[in-house]
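In: what shape does this take:
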Amino acid sequence: MSYRTADRLRTVTLDDVRGAHKMLSGVARTTAVEGSRRLSSQVGAPVLLKCENLQRTGSFKLRGAYVRIAGLLPEERAAGVVAASAGNHAQGVALASSLLGVRSTVFMPKGAPLPKISATREYGAEVRLHGQVVDESLAAAQEYARETGAVFIHPFDHPDIIAGQGTVGLEILEQCPEVRTIVVGIGGGGLAAGIAVAVKALRPDVRIVGVQAEGAAAYPPSLAAGRPVSLSHPATMADGIKVGRPGDVPFALVGELVDEVCTVTEDELSAALLLCLERAKLVVEPAGASPVAALLSRPEAFEGPVVAVLSGGNVDPVLMERVLRHGMAAQGRYLAVRLRLTDRPGALASLLGALSVVDANVLDVSHVRTDPRLGLTEAEVELHLETKGPAHCADVQQALRDAGYTVMG
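Out: Below is the predicted model of the structure:
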């Protein structure tokens with residue numbers, strides 16, 4: 001199954017997805033579907049998590065990349081392939097090329113996380129670092145394709161890619177035949193389009209909801225305009241769905257087959273990632289957690305059983321630490337307080353004793369003694385505390401007041 005450049009905008013059918021499914025047998029894993037009691041309780045119906053974060057290379061991208069490269073003509077394979085990505089697509093192309101014996105070159109931005117660069121190389125690709133953002137890497141990859149004749153493998157804007165991603169939809173229908181709603185993150189639209197093609201052909205009654213990060217939501221204005229619209233400065237921690245313009249091929253399919261596209265905030269993404277880690281014991285990247293964020297923000301809007309697609313788990317450890325702290329803060333599990341006390345021996349110990357009574361964990365303490373606003377015998381103390389939620393935060397602040405301290409902020 002291969003589409004030439006001339007008919008790149010050709011539509012994708014159920015037969016294409018079924019063909020991709022056969023092609024991927026023994027290559028891509030049939031990833032697990034796991035129930036979530038926490039989300040089921042909030043939605044009021046069964047919620048299942050489709051764990052593409054446990055796919056080979058850590059995301060669904062292997063599916064489409066393998067189908068696209070496997071469909072190349074012999075002379076195209078001989079010329080090699082080239083791609084541009086900050087992570088998931090890079091690894092999918094690298095592994096698919098290695099499995100098929102095709103030479104691959106992947107352009108990645110210089111600031112790409114080191115674990116993703118290392119993994120892409122280990123899967124067999126030649127990695128070239130170029131530019132500060134993916135758009136610059138993309139331009140370099142396309143120029144390389146023109147100069148060398150290598151086939152450019154687009155991350156989402158090609159029928160073969162969409163057909164490969166659509167195999168996720170076939171698996172969902174096999175694993176959860178009673179599904180009523182499928183929730184999936186959208187960047188360029190390849191995964192959502194592929195799932196929609198497969199599912200709507202077999203179960204037109206199933207509602208499909210796409211989720212975008214609020215700061216990188218190109219689909220709502222594009223759907224309203226009836227054509228792909230570019231965002232000038234997409235901004236979100238969810239780099240897997242940080243795409244400034246929908247792909248032409250997936251846009252047509254999403255507009256026809258996806259029932260709704262909603263957005264989630266950065267706070268909601270952080271909370272969703274934290275829930276996946278704490279409650280489901282799953283490492284999920286922010287983009288992969290976007291369907292969970294949508295369920296948390298609007299639990300009443302989804303008819304069950306619901307399947308939420310966790311599209312990937314390739315998260316940089318540094319980003320993970322920041323996102324987890326952000327998620328805990330959004331849930332009221334961090335508290336920063338500033339107060340004044342008499343600058344004398346034992347004053348800080350008394351303050352910490354008051355906090356221990358209410359079981360607040362002190363993460364950091366800082367003193368200010370030289371501010372002109374302070375009295376001669378005063379010191380200002382700022383405390384960063386780990387708490388158990390908003391109610392506990394209120395209890396901590398009240399305990400400080402009861403102990404005679406004035407909470408400044």
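In: now stretch 245-263: mean pLDDT?
Out: Stretch 245-263 shows a mean pLDDT of 95.
In: and the end-to-end length of it?
Out: With Cα to Cα, to the nearest Å as the measure, the ends of stretch 245-263 fall 15 Å from one another.
In: where does the prediction get shaky in the stretch 251-400 of the chain?
Out: 327, 330, 343, 368-372, 374-377 (pLDDT under 70).
In: rerun at 80
Out: Judged by pLDDT under 80, the stretch 251-400 of the chain has its weakly predicted residues at 316, 319-335, 339-344, 346-348, 351-352, 354, 356, 363-381, 388-389.
In: before we move on, what about the stretch 51-200 of the chain?
Out: 132-135.
In: let's see it at 50
Out: Within the stretch 51-200 of the chain, no stretch has pLDDT under 50.
In: which stretches in it count as helices?
Out: All helices of the stretch 51-200 of the chain, identified by DSSP state H, counting those that start in this stretch, fall at 61-70, 74-79, 88-100, 114-122, 134-148, 159-165, 167-175, 190-202.
In: tilt between the first one and helix 190-202?
Out: Just to be clear, that refers to helix 61-70. For helix 61-70 against helix 190-202, the angle by axes from the mean of the first three to the mean of the last three Cα atoms, to 10 degrees is 80 degrees.
In: and stretch 339-349, what's buried?
Out: By neighbour count on 16 or more other Cβ atoms under 10 Å, the buried set for stretch 339-349 is 339-341, 343, 348. Placement of C-beta: from N, CA and C, glycine included.
In: ok now it, how far from the chain's centre?
Out: Relative to its parent chain, stretch 339-349 has a centroid offset of 45 Å by Cα atoms, centre = their mean, to the nearest Å.
In: export that stretch as CSV, just CAs?
Out: Written as CSV, here are the backbone C-alpha positions of stretch 339-349 (Å, rounded to 0.1, in the frame of the first residue of the first chain):
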residue,chain,number,x,y,z
LEU,A,339,5.4,35.5,57.6
ARG,A,340,7.4,37.6,60.1
LEU,A,341,8.8,36.4,63.4
THR,A,342,11.1,37.7,66.1
ASP,A,343,14.7,37.1,65.2
ARG,A,344,15.9,35.2,68.2
PRO,A,345,17.3,31.7,68.9
GLY,A,346,14.6,29.0,68.8
ALA,A,347,12.1,31.1,66.8
LEU,A,348,12.4,29.0,63.7
ALA,A,349,12.2,25.8,65.7
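In: other residues contacting that stretch?
Out: 351, 365, 369, 374, 377-381, 383, 400, 405-408 (Cβ atoms under 8 Å, 6 or more residues apart in numbering).
In: try stretch 166-182
Out: 12, 16-18, 20-21, 24, 28, 30-31, 33, 45, 48, 50, 52, 60, 63, 191, 193-199, 202-203, 205-209, 302-307, 309.
In: give the contact list for the residue nearest to residue 32 when sequence neighbours are not counted.
Out: Excluding the flanking residues, the one nearest residue 32 by Cβ to Cβ, 6 or more residues apart in numbering is residue 51, at 4.9 Å. Residues near residue 51 by Cβ under 8 Å, 6+ apart: 31-34, 282, 310.
In: ditto for residue 87
Out: So residue 87 contacts 108, 112-113, 116, 239-240, 314 (Cβ under 8 Å, 6+ apart).
In: if we can go back for a sec, which of the contacts of residue 51 sits closest to residue 291?
Out: Comparing the contacts of residue 51 against residue 291 with Cβ to Cβ places residue 310 closest, at 7.3 Å.
In: next, count neighbours for that closest one.
Out: 31 (other Cβ atoms under 10 Å).
In: is it true that it touches residue 291?
Out: Yes - Residue 310 is within contact range of residue 291, at 7.3 Å (criterion: Cβ atoms under 8 Å).
In: what residues do the two have in common as contacts?
Out: The contact sets of residue 310 and residue 291 do not overlap (Cβ under 8 Å, 6+ apart).
In: distance check, the spatially most central residue of the chain against residue 86.
Out: Taking Cα atoms, centre = their mean, the centroid of the chain lies closest to residue 287, which sits 1.0 Å from it. Residue 287 sits 11 Å away from residue 86, going by Cβ to Cβ, to the nearest Å.
In: cool, residue 397 as well?
Out: Residue 397 sits 42 Å away from residue 86, going by Cβ to Cβ.
In: tell me which element the spatially closest residue to residue 180 that is not a sequence neighbour is part of?
Out: Nearest residue to residue 180, sequence neighbours excluded (Cβ to Cβ, 6+ apart): residue 303, at 4.7 Å. Using DSSP states H and E, residue 303 maps to neither a helix nor a strand.
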